[in-house]
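Enquirer: here is my input, please return the structure:
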Amino acid sequence: MKSLTKYLVFNTKNRREYINITDEIAQAVADSNVKEGMVLVSAMHITAAVYVNDAEDGLIADIDEWLEHLAPTRADYRHHQTGEDNGDAHLKNLLMHHQIILPITNGRLDLGTWQQVYYAEFDGQRRKRAIIKIIGE
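Expert: Numbers count the residues shown, from 1 in each chain. As a prediction, the model looks like this:
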């Protein structure tokens, strides 16, 4: 069995950003020489997420508004009693999830027609990471 591990590093300009990482994952798959297998992509922070959806600006804005509606930025989260100010970011992570598993077929990342992979940052403006872990034959 072959495997490859790669880390992506982010330092976003804004507290919330959505970054298309599809090309980086596809390159890691190519570098791995795995022909048939799986790739795990996981945000390594509890205030970020990884998800698959369409790369359309209006949809990304809709996702951001939906998350803000469900887990609004506000000052009264109990988590803030610890000195933090990112309670909403933790809840947004739970809504979007921190990892995905994608298929590798014939040596290529096997996504649907409109599927793209995004790293979603909810408490940015500092160094964060995501891991790409590939296994297969």
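
Enquirer: rest of the way, CA atoms for contacts and neighbours
Expert: Will do.

Enquirer: now residue 39. Nearest residue, chain neighbours left out?
Expert: What sits nearest to residue 39 in space, not counting adjacent residues and going by Cα to Cα, 6 or more residues apart in numbering, is residue 134, at 4.3 Å.

Enquirer: secondary structure element for that neighbour?
Expert: strand 127-136 (DSSP states H and E).

Enquirer: residue closest to the middle of this structure?
Expert: residue 50 (2.1 Å; Cα atoms, centre = their mean).

Enquirer: that older thread, got a list of what the residue nearest to residue 39 touches?
Expert: 2, 3, 4, 5, 29, 32, 34, 37, 38, 39, 40 (Cα atoms under 8 Å, 6 or more residues apart in numbering).

Enquirer: point out where the protein drops to low pLDDT.
Expert: Along the chain, the model assigns pLDDT under 70 to no residue.

Enquirer: what ranges do the strands span in it?
Expert: 2-11, 17-20, 37-43, 48-53, 99-105, 108-109, 116-121, 127-136 (DSSP state E).

Enquirer: what's the fifth one packed up against?
Expert: When contacts are defined as 3 or more Cα pairs under 8 Å, 6 or more residues apart in numbering; DSSP states H and E, strand 99-105 sits against strand 37-43, strand 48-53.

Enquirer: fine by me, we can end here.
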